[in-house]
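Enquirer: Provided below are the primary sequence and the corresponding predicted coordinates.
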Amino acid sequence: MSKVYMIANVRIEDADEYRKYEKGFFPILKRHGGRFLAYDDNVQHFEGSTPLEGRTVMFEFDSEQAARDWYSDPEYQAISEFRRTGTRLNFLAMVTAPPPRS
């Protein structure tokens with residue numbers, strides 16, 4: 001089974017709304033076996049189109065199904081309204097790691 005990584009790039013436009021999202025985010029992530037890896041408010045960009053100025057976040061799941069279950073969780077979708085209201089989302093992407101070599 002291959003791990004998957006979720007990467008999001010957001011610009012926080014309403015910190016109070018975004019804090020409501022953050023408060024609910026971590027318990028739901030943990031419930032689906034997700035692990036928070038990192039965030040950076042000042043990503044160093046080397047090439048290509050510039051991401052939004054703002055926050056880039058990375059977290060992982062043990063499987064693509066776990067990531068899909070997290071995203072489609074009704075409780076997550078409810079709190080994601082705070083993210084949608086409080087940020088401008090450039091992308092939320094799932095990256096599947098290659099399977100382990102034998």
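Expert: Alright, I've got the coordinates. Residues are numbered from 1 along each chain as shown.
Enquirer: Give me the residues contacting stretch 69-81.
Expert: Stretch 69-81 is contacted from outside by Lys20, Tyr21, Gly24, Phe25, Ile28, Leu29, Arg31, His32, Gly34, Phe61, using CB atoms under 8 Å, 6 or more residues apart in numbering. Using the backbone N, CA and C atoms, a C-beta is placed for each residue, glycine as well.
Enquirer: which among these end up buried?
Expert: The neighbour-count test (16 or more other CB atoms under 10 Å) applied to those identifies Lys20, Tyr21, Gly24, Phe25, Ile28, Leu29, His32, Gly34, Phe61 as buried.
Enquirer: Out of those residues, list just those in strands.
Expert: Phe61 (DSSP state E).
Enquirer: Please list the members of the buried ones among the contacts of stretch 69-81 that lie in helices.
Expert: Per DSSP state H, helices hold the following members of these: Lys20, Tyr21, Gly24, Phe25, Ile28, Leu29.
Enquirer: right, and the pair among those residues with maximum separation?
Expert: Farthest apart among those by CB to CB are Lys20 and Leu29. That separation is 15.4 Å.
Enquirer: need the helices for the protein, in chain order.
Expert: 15-31, 64-72, 74-86.
Enquirer: Could you dump those into JSON lines with distance to Asn42 added?
Expert: Shown next, in JSON lines, are the helices of the chain (distance: least, CB to CB, whole Å):
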{"stretch": "helix 15-31", "distance to Asn42": "17"}
{"stretch": "helix 64-72", "distance to Asn42": "26"}
{"stretch": "helix 74-86", "distance to Asn42": "19"}
